[in-house]
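**Q** sequence and predicted structure are below.
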Amino acid sequence: MQTTWKGTISFGLVSIPVHLYSATQEHDVPLHQVHAKDGGRVRMRRYCEREEREVPYAEIAKGYESPDGRTVTLTDEDLADLPLPSKKIIDVLAFVEADEIDPLMFSKAYYVGVADKAAAKPYALLRDALVESGRIAVTKIALRTRESPAVLRVHDGTLVLQTCIWPDEVRPAAGIAPEEDVTVRPQELKMARSLMDTLSEDFDLAQLHDDYQQALQQVITARLEGVEVPHEEEPGEAPDNVIDLMEALRSSLKQARGGRARGAGAGPEAEAEEEPAPHRRAAAKKSSAAGGKPAAPKAAASKASASKAVGAAKKTTTRKPSAPRRAS
């Protein structure tokens, strides 16, 4: 694994020589720019406006243009010699609870490895102290051309440095969420929690995959083979307004539980059994209201018809729970 940064973690008077390694990598189908008319490759050229010619990369430097139009040229040596302590030292500033850092601030992650055998003991000391305290270390580090706040935490027994953006770089969220007062009923909240629990059963983040990359690869393969490009069926129109939120939650919960039951090989009886307890009680009350009153003696045919009607009512309430009706 290629080293990204070399330096030292400063933990009070304890120094830990370390190397940083990129902890993540993004997979993507490589695409480049071409001329749509003939497929010719379009390349970006480094062109000097003053000399009106293309210049090699070795002659490229960074520059800053002041408000009055003057340009200052900065060489690699200028940037390397910046008077910045965090250029080679990761200075631990404080230890805080993990939830004190807003996840919006997190950026890129790096594995922290020891630079030599002598660093193993202080490395293990800092790692174990973080695990035992349940805290993370707040630091600063200069990577390439940017200084960033960062945190040190533990992942799979390894120290991880996660760079962050500065607090004032997080945009305010004012005016985005609904501003009008909305009342959420306890029944709706309870149903939403039930739906959350059902959707979270047996969830494995490692099983997620990149559908976009697979679909793009299918299109590229079809183009190369000269066959028809696959197309996904048009999705149905989403409702533009939720008229009955409780009914939408109830239907979502039933659909989610039905999918779990079918995936596990359960039959309709198991699906009906998984109905929420309040709904089963409502169904029982409805059945009682429909067939609980003592009926006057009638012919056998009338009894059979009444029995069928009660059976139909029970079946309906099991499949689609609704509010109990009052007996007249």
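**A** Perfect, I can see it now.
**Q** just the pLDDT at the spatially most central residue of the chain, thanks.
**A** Most central in the chain under C-alpha atoms, centre = their mean is residue 205, positioned 9.7 Å from the mean C-alpha point. Reading off the confidence values, residue 205 has pLDDT 84.
**Q** try residue 212
**A** pLDDT recorded at residue 212 is 84.
**Q** any idea which helix or strand carries it?
**A** Using DSSP states H and E, residue 212 sits in helix 211-225.
**Q** how about residue 96?
**A** Short version, using DSSP H and E: residue 96 is in strand 94-97.
**Q** please apply the same query to residue 90.
**A** Per DSSP H and E, residue 90 falls inside strand 89-91.
**Q** other residues contacting that strand?
**A** Contacts with strand 89-91, where a contact means C-beta atoms under 8 Å, 6 or more residues apart in numbering, come from 7-10, 18, 85, 139-141, 150, 152, 161. In short, each C-beta sits where N, CA and C put it, glycine included.
**Q** in those residues, which has the lowest confidence score?
**A** Ranked by pLDDT, the contacts of strand 89-91 bottom out at residue 85, which scores 75.
**Q** just the C-alpha atoms of the host helix or strand of residue 19, please, in PDB.
**A** Using DSSP H and E, residue 19 sits within strand 14-22. Written as PDB, here are the backbone C-alpha positions of strand 14-22 (Å, rounded to 0.1, in the frame of the first residue of the first chain):
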ATOM      1  CA  VAL A  14       4.800  11.200  23.600                       C
ATOM      2  CA  SER A  15       5.800  11.100  19.900                       C
ATOM      3  CA  ILE A  16       4.700   8.300  17.500                       C
ATOM      4  CA  PRO A  17       6.400   8.200  14.100                       C
ATOM      5  CA  VAL A  18       3.700   7.200  11.600                       C
ATOM      6  CA  HIS A  19       2.800   6.800   8.000                       C
ATOM      7  CA  LEU A  20      -0.700   7.400   6.500                       C
ATOM      8  CA  TYR A  21      -2.300   5.100   3.900                       C
ATOM      9  CA  SER A  22      -5.500   5.800   2.000                       C
END
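**Q** can you list the strands that it pairs with?
**A** strand 3-11 (antiparallel), strand 106-114 (antiparallel) (DSSP bridges).
**Q** which residues touch the closest residue to residue 102 other than its chain neighbours?
**A** Spatial nearest neighbour of residue 102, excluding adjacent residues (C-beta to C-beta, 6 or more residues apart in numbering): residue 170 at 6.9 Å. Shown in contact with residue 170 (C-beta under 8 Å, 6+ apart): 102, 104-105.
**Q** ok, so of those residues, who is nearest residue 116?
**A** Using C-beta to C-beta, residue 105 comes nearest to residue 116 of the contacts of residue 170, at 32.1 Å.
**Q** nearest residue to that closest one other than its sequence neighbours?
**A** Leaving aside its sequence neighbours, residue 105 sits nearest to residue 164 (C-beta to C-beta, 6+ apart; 4.2 Å).
**Q** likewise for residue 120?
**A** Counting by C-beta to C-beta, 6+ apart, residue 120 lies nearest to residue 114, which is 5.6 Å off, once chain neighbours are set aside.
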